[in-house]
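Student: Starting from these lines, generate the structure:
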Amino acid sequence: MGWFLKAIKNYAGFAGRSRRMEYWMFILFSSIFTFIISVLEALIGIPSLLSFLFTLFLLVPSLSVAVRRLHDTGRTGWWNLIGFVPLIGIIVLTVFMCLDGEEHDNEYGRNPKTS
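Tutor: Modelled structure (predicted):
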């Protein structure tokens, strides 16, 4: 939960680097919270307004943590746009997010594992 909150607090920070743990914990907890909200909406019988607002709330933090994760692998944040390529783009982006970060400092900042 701490990794999720760390990404939320640094919602507008597109500079720097993020570890794999921060990125994947953010994805995990945002998926869990979205699922819980969607189930509650279905049980209560209300429209999907809350899950839409929650997803909208997480839009900028998810973009920033993805950009910082790409920075950790030595890639520019513009690689996020490859996700718009059908099928292949999502696979390539997922592989990039799973790769270990560069061990040394790079042009995007210090190694978050050693900081």
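Student: can you pull the buried residues of the top helix by length along the chain?
Tutor: Assignment by DSSP state H gives helix 20-44 as the longest helix of the chain. Buried positions in helix 20-44, judged by neighbour count with 16 or more other Cβ atoms under 10 Å: 20, 22-23, 25-27, 29-30, 34, 37-38, 41. For every residue, glycine as well, the C-beta is placed using N, CA and C.
Student: any idea which of those residues is the one closest to Trp79?
Tutor: Proximity of the buried residues of helix 20-44 to Trp79 (Cβ to Cβ) peaks at Tyr23, which lies at 13.5 Å.
Student: Who are the contact partners of the residue lying closest to that closest one once chain neighbours are set aside?
Tutor: Among residues not flanking Tyr23 along the chain, Arg69 sits closest, at 4.2 Å (Cβ to Cβ, 6 or more residues apart in numbering). Going by Cβ atoms under 8 Å, 6 or more residues apart in numbering, Arg69 touches 17-20, 22-23, 96-97.
Student: Name the nearest of those relative to Gly2.
Tutor: For the contacts of Arg69, the minimum distance to Gly2 (Cβ to Cβ) is 9.4 Å, reached by Glu22.
Student: unless I'm mixing things up, that closest one is touching Lys9, no?
Tutor: No. The criterion here is Cβ atoms under 8 Å, and Glu22 misses it with Lys9 at 11.3 Å.
Student: just to confirm, which helix or strand has the residue nearest to Tyr23 in it?
Tutor: Per DSSP states H and E, Arg69 falls inside helix 59-72.
Student: moving C-terminal of that helix, what's the next helix or strand?
Tutor: Counting by DSSP H and E, the next helix or strand C-terminal to helix 59-72 is helix 88-98.
Student: Many thanks, we can stop here.
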